[in-house]
Structures are given as C-alpha cells and as structure tokens.
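Novice: missing the sequence, but the structure's below:
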C-alpha cells in the first residue's frame, strides 16, 4: 500500500462509529451485511450509517455490492491485512515477533 492509502485508511478508522462499523463487517466475514442489518445491530441512524460507509468505502476498507434490491457491504480483508502488515513491518527490529495471546489465533 502507498503511504497516502495508509493515511486514508487510518483516518477512516480514527472515528468511533466507523471503527465499530468496520469491526461489525469484519465479524460478518465474507457474507457481509446490509445497511439495515448494520443499522439495527449498531443502533446507528440510516443517514449517519450511509455517511460512515461512504468514508470506509472511499478508504478502500469496505466494498459494496448490489444483490437484487439490497446493498451488501463487506470488509476488504486483503486491504485490512495490508494495513496491518504495513504497521507491523519493522517491529522487533525486523525480526520475527513472538506471537502474543491476542494475535495467536488470528488467521485473516
């Protein structure tokens, strides 16, 4: 990822509602969620949700797909993993880090 892409992604996630929306989409996995399901689950007003989904989509963290009359939003796992990779690329002075309890079970 380019530096500008990293900054856009981090800026999009640097807001509590957007972070919560993104996390809900990560939990939903490849099935994704409709805006109405997200709105009900998170208690976010539809117009507010629309604004946040647009920001996450613009940052490349979320993709939108039409399925009949519904829109389905999905987390872009490849992009998320690239962002995490960028942030941890040079940790531990370039050496492989020991897995922590928090990341030991992650297989994104």
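Specialist: Perfect, I can see it now. Small disclaimer: the values here were computed from a predicted structure and weren't measured.

Novice: strands of this structure, residue ranges please.
Specialist: Counting by DSSP state E, the chain has strands at residues 62-67, 70-75.

Novice: just say which of those strands is most tucked in.
Specialist: Of all the strands of the chain, strand 70-75 has the most neighbours on average by mean count of other CB atoms under 10 Å, namely a mean of 18. To be clear about C-beta, it is placed using only N, CA and C from the backbone, and glycine gets the same treatment.

Novice: next, the angle from that one to strand 62-67.
Specialist: Orientation of strand 70-75 against strand 62-67 (axes from the mean of the first three to the mean of the last three CA atoms, to 10 degrees) gives an angle of 150 degrees.

Novice: related to what we said a few turns ago, with mean pLDDT and distance to residue 55 added, can I get the strands of the chain in TSV?
Specialist: Listed next are the strands of the chain as TSV, based on pLDDT from 0 to 100; distance: least, CB to CB, whole Å:
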stretch	mean pLDDT	distance to residue 55
strand 62-67	95	9
strand 70-75	96	12
